[in-house]
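[1] 3D model of this:
(chains A, B, C and D)
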There are 4 protein chains.
Amino acid sequence: MVVVMSPDATDEDVAHVVERVESVGGEAFVSRGVVRTIIGLVGDIDSFHDLNLRALRGVADVHRISDPYKLVSRQHHADRSTVWVGQAGRRVPIGPETFTFMAGPCAVESAEQTLEAARMAQAAGATILRGGAYKPRTSPYAFQGLGVRGLEILADVREATGMPVVTEIVDARDVDVVAEHADMLQVGTRNMANFGLLQAVGESGKPVLLKRGMTATIEEWLMAAEYIAQRGNLDVVLCERGIRTFEPATRNTLDISAVPVVQATSHLPVIIDPSHAAGRKDLVVPLSRAGIAVGADGVIVDVHPEPENALCDGPQALLGDELRDLAQAVRDLPAMVGRAGSGERTGGSR
Amino acid sequence: MVVVMSPDATDEDVAHVVERVESVGGEAFVSRGVVRTIIGLVGDIDSFHDLNLRALRGVADVHRISDPYKLVSRQHHADRSTVWVGQAGRRVPIGPETFTFMAGPCAVESAEQTLEAARMAQAAGATILRGGAYKPRTSPYAFQGLGVRGLEILADVREATGMPVVTEIVDARDVDVVAEHADMLQVGTRNMANFGLLQAVGESGKPVLLKRGMTATIEEWLMAAEYIAQRGNLDVVLCERGIRTFEPATRNTLDISAVPVVQATSHLPVIIDPSHAAGRKDLVVPLSRAGIAVGADGVIVDVHPEPENALCDGPQALLGDELRDLAQAVRDLPAMVGRAGSGERTGGSR
Amino acid sequence: MVVVMSPDATDEDVAHVVERVESVGGEAFVSRGVVRTIIGLVGDIDSFHDLNLRALRGVADVHRISDPYKLVSRQHHADRSTVWVGQAGRRVPIGPETFTFMAGPCAVESAEQTLEAARMAQAAGATILRGGAYKPRTSPYAFQGLGVRGLEILADVREATGMPVVTEIVDARDVDVVAEHADMLQVGTRNMANFGLLQAVGESGKPVLLKRGMTATIEEWLMAAEYIAQRGNLDVVLCERGIRTFEPATRNTLDISAVPVVQATSHLPVIIDPSHAAGRKDLVVPLSRAGIAVGADGVIVDVHPEPENALCDGPQALLGDELRDLAQAVRDLPAMVGRAGSGERTGGSR
Amino acid sequence: MVVVMSPDATDEDVAHVVERVESVGGEAFVSRGVVRTIIGLVGDIDSFHDLNLRALRGVADVHRISDPYKLVSRQHHADRSTVWVGQAGRRVPIGPETFTFMAGPCAVESAEQTLEAARMAQAAGATILRGGAYKPRTSPYAFQGLGVRGLEILADVREATGMPVVTEIVDARDVDVVAEHADMLQVGTRNMANFGLLQAVGESGKPVLLKRGMTATIEEWLMAAEYIAQRGNLDVVLCERGIRTFEPATRNTLDISAVPVVQATSHLPVIIDPSHAAGRKDLVVPLSRAGIAVGADGVIVDVHPEPENALCDGPQALLGDELRDLAQAVRDLPAMVGRAGSGERTGGSR
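    Residues are numbered from 1 along each chain as shown, chains lettered A, B, ... in the order given. A predicted model of the protein is given here:
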């Protein structure tokens, strides 16, 4: 941590900072410049936070130097992690050696629609089924999901297809019932900073798919993962799904750079969601290709047997030719970045 | 609602759109241009949403024309509302005729600190006490608030000072205990899209202070208010607290225009929070002045008897001279926009 | 300047940084932490820039500590400056003691329209006339301005009204002709980083109105002012006109905080442009009030005798009641922040 | 174009809009809804713009439906274009069938450094040399480029290597001298809206590399290309180089989606610049791979023989292993999206 003094700070101001740093067992190195003095702090960073150094007289700024997350950092866990999803005999890995294709309908609408979408997804190479039973909708007048009935449908479709299920959880009070029916709990973009929910999924015993808040920095996203990890759950997969920018051509701007940035600093797997990032069907295949090429550990996309009648986000759901193109991409392209393609090496072997 | 067809849409594509619109009881007006055809829809907008028109063949775009919120709109409620906070005999209004000054510590740390901060706030003209018992923190290693003990302190300080209390709620499971101790429930910026929490405060029977999500559009913010209103609670006060932009000089960018924009479209009161917007003590007074001048219905600021030792956001808490300047501003400036100054006309009279 | 080494940097890497810093006459203070080493640099910051420290092995990051601008900084020029606009006998001040109201049509369309707009503006208290002869338009098919003929009209209207004229310059090749006809040269938002143009106006001998780039940070804006100052021209007035954000309700988001932030760090005057920020007529008066209250040194707005027939930005041009409200605001409100109102103390007295 | 009337618009207001539309030869289709009336306009869009419809009484909003650009649109030019760079015998194509790798130093510093960088680039498969003689720098105190001397060096290196040269132009007054020495003129991100410069390069007779403004929408970027095209020059290559967002981990956020979005709407080639987008060396290779996979027509990167001593942007210049990885990517990966790899099919054959 570095404390920058203002140009008019006095010697006493500097001494006061040093004294407070030392009072919690830290060391303070003072560099006096022509215009400003800067003070480098060495010691336990958490104890420095409590000092409220920014509020001291003569302090112009405080720069944090090291990363604030610990459990999810590569610093003490250099190897990238693999997260396994599903029950014994059907485990699917998400990690550095494989490429995982997850697909399904945005919302579970009926048993038939969900099963049909799952069959489409599986035929295209998907090994994990996505589907929403609880939908966080901007409008209280929009379809909010089938709830428990949706979870039951997902569990039935898992039995029929053998695909582990990931589904969104929007309320900490639902953790038990969702964990009972699903194999992986998704925390959506609107709930990335819902810290109570993060702690609840951290105690659920299930792997978590943590979507990036649409306006969260990468550091904030990793701190959200730290909340989950701190409750004892390190089975967290990060999902980049687009950030909010000024560009209106796409619903959000897929921050493709986030993938290598996260991989450089955290050991957790990271996948991309091109469907929700773009909100446009015609971009799903090119963005999926870009995600594979940049080194993502997987992709999650919307498919729907009848996009025209979808109750949620039909315009971005794949069908027919596009799905065939995507199937080819997830099968063939991972090899170019040294991975097994989707469906080639699924689980049970753990 | 307007449907824009792509340049290569066929007559059949157009006919199909018209047919679907008519199938739910709507009317479709077709305008054929040289390059494109556009179709104006008249009827029940909610039924059109279910049609998933964007997924139809030949449809390039769908423009929503009218506002998606209803209960919080001025359309059927032209007069701006006043929300009253506090129990009988101590009610404080927030609305178009008054200017309300709310102040207190960011976090409740102890009975002494809270009482002292409340006295400072009251002396400066504040009529509602703010203070956090549950703190949503980006880091799981940061101070998370005193919880129920904090609520008890707030209730005690209310007794001592007569100031109604507003405090943040971060988990739907805490609604009862918070509503029991506080006079107004605050939904923070990180929870603006936590729809379960919005519904819970909507059923609490208490007025709600709804902060804008730091990356929410004004429309999304009003839709969040609609979630609360839809559960029968129209006592919602909106709070602009800065949005996330590329400018690093301030923690967030106070969107001062949001005040008149909201007032033009919604009947709910709207206040500003300059402390959390700027994250800098030196901007709190000028931004408060700007808020009064632009027509806000109130301001909420951080004060702390010893900012240096604050457990949360000390650098932005006012003290001494700044607090005196603010006291003068909230007392004298509201008159220039045709309002009573803070403290001049407080409650009980309802 | 502070150099942060990566956790795996070696002693040699640290020594190499120190050596390079010392090679240009700087001093390097090394603070070795548990995880990282940081190096504080003391000396001539420009010489450090040339070292390309970020490219050295083991360097994780380089933090600049002091401001990169010099001539426009308050550091060696603590008093805030006043810029005078206009010829002898008609000089109008823009600075800390006065409040200056500038108004006129977005584009000069004809002698009649310009004169009529100027009369409206003057009646409302404006003391400087704005009007565009060269219009930077996003579309090559839009009205691009009358050019030299527009400049002549502006000069004629100045004669008729006595108001000094500010007009935009979009091409360095036009500096002479614009400087010949106008009293102040405006550099627009799209040209804030057109460094050749900045240097040209820096050599023009005329005061400059420098609009903030719609996506420029405050620091970049001050560096643009530094370009002008470096050519010997310190008569620069900064103009905040809204930044690009995700909020669609306004054309841009007026960054009202920029006014006190600039005033804390630079001695140059700073005004606001609510017309172009909002792009909505109904926000011009409330935002002007906010600008006065926050401490801006002036305001510049669009007026047009017939907004319906304006060739440029008619929807934001004031007329009638709104203009009367604005006239009252610029006359009465400056007193509340300790200034003379617009029109009360105009020039010649220098 | 669609005109949306406000809820309180009268029949006269509607009639007035219709009348004005018809006065310029357009047709107006009126759809009366329960709450609002909308009016679809058919006819010449440019004539509608002049009507200033937004300023009419009762008009709430005006939605533009069709794209504002013409010459660069795919609407009347469905096939994607190929732009050829270089003189007879050395022409290099940029277009839909090939993948073009452009590389060189950010700034031309000396003959030796430029030649060495060009040799490095060529060995890695680059077929066009980039290098800056005029540098637009945020600080007036930073290295501004060698100017004409830099152009001469570039021309010499072209002779030595056979690589056509692309270089930035920052001032319309330099068009002749730059066009005399270089094969392609680059308009940088800060000048994308410098309309005088766009017109000047439009008349230069040379192909143009048009970088996206760091805060320009895709539509604004295409309008900038339209400015060039309108002066008779359709040899424009677009370059996505990152947009400004709130994310600090990268200098800008590479908007990878812009590539397929542009290709869907414009016939012009589009490439990416990962060096300036990320500002980090470690992201150049993964982002280049992503660019190839998403379907970009080329990539432009910084290389420097001694990044440590670079006068400009050393931290992002490739060297050694990274350059080898990139060489492999640009050679092998284009095949996966149906293209020839860089260097496989270069010029002269036109």
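[2] CA only for contacts and neighbour counts going forward, please
    Fine.
[3] ok, is the helix or strand of chain A with the lowest mean pLDDT in contact with chain C or not?
    Lowest on mean pLDDT, DSSP states H and E among the helices and strands of chain A sits helix A:45-49, with a mean of 76. No. Residues of helix A:45-49 contacting chain C under C-alpha under 8 Å from any C-alpha of the partner chain: none, with a closest distance of 10.4 Å.
[4] do the same with stretch A:260-278
    No. Stretch A:260-278 is not in contact with chain C by C-alpha under 8 Å from any C-alpha; minimum separation 11.8 Å.
[5] tell me the spacing between A:Trp221 and A:Gly132.
    22 Å (C-alpha to C-alpha, to the nearest Å).
[6] I meant A:Ala117, not that one.
    13 Å.
[7] swap in A:Leu209?
    In terms of C-alpha to C-alpha, A:Leu209 sits 13 Å off from A:Gly132.
[8] for chain C, what's the nearest residue on the stretch 201-350 of chain A?
    Nearest to chain C in the stretch 201-350 of chain A, going by C-alpha to the nearest C-alpha, is A:Phe246, at a distance of 4.9 Å.
[9] that older thread, give me the common contacts of A:Ala117 and A:Gly132.
    Shared contacts of A:Ala117 and A:Gly132 (C-alpha atoms under 8 Å, 6 or more residues apart in numbering or on different chains): A:Pro105.
[10] low-confidence ranges, chain A, go.
    Applying pLDDT under 70 to chain A flags residues A:344-350.
[11] ok, now with 80
    A:33-36, A:43-47, A:49-51, A:64-67, A:138-139, A:141-143, A:308-315, A:319-320, A:343-350 (pLDDT under 80).
[12] tell me where it has strands.
    For chain A, the strands defined by DSSP state E cover A:2-5, A:27-32, A:37-42, A:59-63, A:83-85, A:92-94, A:100-104, A:128-130, A:165-168, A:184-187, A:208-211, A:236-240, A:270-272, A:298-302.
[13] quick one: closest of these to chain B.
    For chain B, the closest of these is strand A:59-63, at 10.2 Å, according to C-alpha to the nearest C-alpha.
[14] with just CA atoms, put the closest one into PDB.
    This file holds the C-alpha atoms of strand A:59-63, laid out as PDB (Å, rounded to 0.1, in the frame of the first residue of the first chain):
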ATOM      1  CA  VAL A  59      -3.100  12.500   2.900                       C
ATOM      2  CA  ALA A  60      -4.000  13.100  -0.800                       C
ATOM      3  CA  ASP A  61      -4.500   9.500  -1.900                       C
ATOM      4  CA  VAL A  62      -3.900   5.900  -0.900                       C
ATOM      5  CA  HIS A  63      -3.000   3.300  -3.600                       C
END
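[15] which residues are contacting it?
    A:1-6, A:9, A:13, A:53-54.
[16] what does chain A put close to chain C?
    Counting by C-alpha under 8 Å from any C-alpha, chain A comes close to chain C at A:4, A:29, A:31-34, A:36, A:38, A:40-43, A:65-66, A:244-246.
[17] could I have the ChimeraX command that selects the buried members from these?
    With 16 or more other C-alpha atoms under 10 Å in any protein chain shown as the burial test, the buried ones among those are selected in ChimeraX as follows:
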select /A:4,29,31,32,33,36,38,40,41,42,43,65,244,245,246
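[18] give me the subset of the residues of chain A next to chain C touching chain B.
    Applying C-alpha under 8 Å from any C-alpha to the residues of chain A next to chain C, those adjacent to chain B are A:Arg244.
[19] so where do the helices sit in chain A?
    A:11-23, A:45-49, A:111-123, A:148-161, A:175-181, A:195-202, A:218-230, A:258-265, A:274-278, A:284-294, A:320-332 (DSSP state H).
[20] show me what the longest one is packed against.
    In terms of contacts (3 or more C-alpha pairs under 8 Å, 6 or more residues apart in numbering or on different chains; DSSP states H and E), helix A:148-161 is packed against helix A:111-123, strand A:165-168, helix A:175-181.
[21] and the shortest one, what does it pack onto?
    It refers to strand A:165-168. strand A:128-130, helix A:148-161, strand A:184-187.
[22] send the alpha carbons of stretch A:203-212 over as CSV?
    Provided in CSV are the C-alpha atoms of stretch A:203-212 (Å, rounded to 0.1, in the frame of the first residue of the first chain):
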residue,chain,number,x,y,z
GLU,A,203,-22.5,-23.1,2.1
SER,A,204,-24.6,-25.1,-0.3
GLY,A,205,-22.0,-27.8,-1.1
LYS,A,206,-22.7,-27.4,-4.8
PRO,A,207,-20.5,-25.9,-7.5
VAL,A,208,-21.4,-22.3,-8.4
LEU,A,209,-21.5,-20.5,-11.8
LEU,A,210,-20.8,-16.9,-11.0
LYS,A,211,-21.8,-14.4,-13.7
ARG,A,212,-20.0,-11.1,-13.8
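[23] so what touches that stretch?
    By C-alpha under 8 Å, 6+ apart, stretch A:203-212 touches A:83-85, A:166, A:175-176, A:179, A:183-189, A:192, A:201, A:218, A:221, A:225, A:228, A:231-242.
[24] now do the contacts for the spatially closest residue to A:Thr253 that is not a sequence neighbour.
    Distance criterion C-alpha to C-alpha, 6 or more residues apart in numbering or on different chains; nearest residue to A:Thr253, sequence neighbours excluded, is A:Gly242 at 4.7 Å. By C-alpha under 8 Å, 6+ apart, the residues touching A:Gly242 are A:212, A:214, A:252-255, A:273-274, A:276-278.
[25] endpoint to endpoint, stretch A:222-239 covers what distance?
    One end of stretch A:222-239 to the other measures 11 Å (C-alpha to C-alpha).
[26] for that stretch, what is the distance to the chain centroid?
    Distance of stretch A:222-239 from the chain centroid (C-alpha atoms, centre = their mean, to the nearest Å) equals 9 Å.
[27] tell me if that stretch is near chain B.
    Yes. Judged by C-alpha under 8 Å from any C-alpha, stretch A:222-239 comes into contact with chain B through A:223-224, A:226-227, A:230.
[28] tell me which of these is nearest to chain D?
    Nearest member of those to chain D, counting by C-alpha to the nearest C-alpha, is A:Met223, at 14.6 Å.
[29] A:Val83 contacts A:Asp235, correct?
    Yes. The pair A:Val83 and A:Asp235 passes the contact test of C-alpha atoms under 8 Å, sitting 5.5 Å apart.
[30] tally of neighbours for A:Ala229?
    22 (other C-alpha atoms under 10 Å in any protein chain shown).
[31] cool, the one 4 residues further on as well?
    Close neighbours of A:Asn233, defined as other C-alpha under 10 Å, add up to 20.
[32] quick one: contacts for it?
    A:202-203, A:205-207.
[33] show me the contacts for whichever residue of the stretch 201-350 of chain A sits closest to chain B.
    Closest contact between the stretch 201-350 of chain A and chain B, by C-alpha to the nearest C-alpha, is at A:Pro315 (4.5 Å). A:Pro315 makes contact with A:279-281, A:307-308, B:52, B:54-55 under the criterion C-alpha under 8 Å, 6+ apart.
[34] using JSON lines, lay out the residues you listed together with distance to A:Leu333 and neighbour count.
    As requested, those are exported to JSON lines (distance: C-alpha to C-alpha, whole Å; neighbours: other C-alpha atoms under 10 Å in any protein chain shown):
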{"residue": "A:Gly279", "distance to A:Leu333": "23", "neighbour count": "20"}
{"residue": "A:Arg280", "distance to A:Leu333": "22", "neighbour count": "21"}
{"residue": "A:Lys281", "distance to A:Leu333": "20", "neighbour count": "19"}
{"residue": "A:Pro307", "distance to A:Leu333": "27", "neighbour count": "22"}
{"residue": "A:Glu308", "distance to A:Leu333": "30", "neighbour count": "19"}
{"residue": "B:Asn52", "distance to A:Leu333": "33", "neighbour count": "20"}
{"residue": "B:Arg54", "distance to A:Leu333": "31", "neighbour count": "23"}
{"residue": "B:Ala55", "distance to A:Leu333": "29", "neighbour count": "22"}
